[in-house]
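A.B. asks: Curious how this folds, go ahead:
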Amino acid sequence: MPRTSSVAANAKDGHEPAWSDPSLREPRYSQSLERGLAILGCFTPKRPVLGIADIADELGMSRSTTHRYVITLVALGYLEQGASRKYRLGMRVTDLGMAALSSTGLREQSHDCLEELRERTGYTTNLSVLDGEDVLYLDRARSFRPGQSKIDLGLNPGSRLPAYCTAMGKVLLAHLPESEQNDLLAEMKLTKRGPNTITSRRALREALDAVLAAGFASGDEELAPELHSIAAPVRNENGDVISAVNIAAHSSMIPVGERIDALAPQLLATADRISARLGYHPDGA
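C.D. replies: Numbering: from 1, shown residues only. So this is what the prediction gives:
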């Protein structure tokens, strides 16, 4: 669906749009900045690569104007041009996003907890938040045990994965308000990723109910073969689930029973510790 920003409003017959938004009458308002940010906003996880025509059509701008702004964004590092002569977001955008997330204090409060959990268990630990239909990785403490590299998947802070087939994603989806969860699940395309990927909305809803009942989520080869994980919720001072922490391991490294019995208590303790640092006190104290 086309965007309804003021950039696109009133665009007709390929001409430049009329600037009718009352906020644009403010003399200090920068139309150029709005256009540049609108261009960056065209890039989404579902449409990560776009051409000049794609952007121009979505925003109702002429192609020559769009090209001028895009070239500027490339020069500044906010866009990159690929071999196909189309564009994708550059690392400067990732830097801004990670800086914004860091400003919340979540990474600062959780980083040493992730590393301590990695040291105690020997497995890779991660922290993520829900961003649309994806989990967005905020932090990662890698294990260097043999076998761990087989499931590394090239993940780093800033990486994204579909929420429905990850343990952290199921934790975050399970704790959404019902109406928001329903809307999000209705939009998801449940594509098979691993041997046990949940591809039925009904089965996914049942899995999310099980997460709420258990207090944590598990993932058994749902994202990729031989990848197993467990995840627990992190809460803010109001008790809202704002993030998830997990332990990920290759199937050859630990039996399923041991993974739950031995690792779940340590994972939950780590999640509780991070939550306490963020001001959450379950007893209301």
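
A.B. asks: switch to C-alpha atoms for all contacts and neighbour counts from now on
C.D. replies: Fine.

A.B. asks: Can you show me the strands along the stretch 51-200 of the chain?
C.D. replies: In the stretch 51-200 of the chain, the strands defined using DSSP state E, counting those that start in this stretch lie at 79-81, 87-89, 124-131, 134-141, 160-162.

A.B. asks: can I get those strands in CSV with distance to Q181, mean pLDDT and mean neighbour count?
C.D. replies: CSV is the format used below for the strands of the stretch 51-200 of the chain (distance: least, C-alpha to C-alpha, whole Å; pLDDT from 0 to 100; neighbours: other C-alpha atoms under 10 Å):
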stretch, distance to Q181, mean pLDDT, mean neighbour count
strand 79-81, 32, 92, 20
strand 87-89, 28, 91, 20
strand 124-131, 12, 92, 24
strand 134-141, 13, 90, 23
strand 160-162, 15, 91, 20
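
A.B. asks: Distance to I242 for those - can I get that in JSON lines?
C.D. replies: Listed next are the strands of the stretch 51-200 of the chain as JSON lines, based on distance: least, C-alpha to C-alpha, whole Å:
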{"stretch": "strand 79-81", "distance to I242": "29"}
{"stretch": "strand 87-89", "distance to I242": "26"}
{"stretch": "strand 124-131", "distance to I242": "7"}
{"stretch": "strand 134-141", "distance to I242": "11"}
{"stretch": "strand 160-162", "distance to I242": "16"}
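
A.B. asks: Please identify which of the ones you listed is closest to S243.
C.D. replies: Set against S243 and scored by C-alpha to C-alpha, the strands of the stretch 51-200 of the chain come closest in strand 124-131, at 4.6 Å.

A.B. asks: Excluding chain neighbours, what is closest to the residue positioned nearest the centre of the chain?
C.D. replies: Nearest residue to the geometric centre of the chain (C-alpha atoms, centre = their mean): L136, 2.4 Å. Closest residue to L136 apart from its sequence neighbours, by C-alpha to C-alpha, 6 or more residues apart in numbering: R160 at 4.7 Å.

A.B. asks: going on from the helix or strand of the chain with the lowest mean pLDDT, what's the next piece of helix or strand?
C.D. replies: Lowest mean confidence among the helices and strands of the chain (mean pLDDT, DSSP states H and E): helix 256-258, at a mean of 64. If you walk from helix 256-258 toward the C-terminus, the next helix or strand you reach (DSSP states H and E) is helix 264-277.
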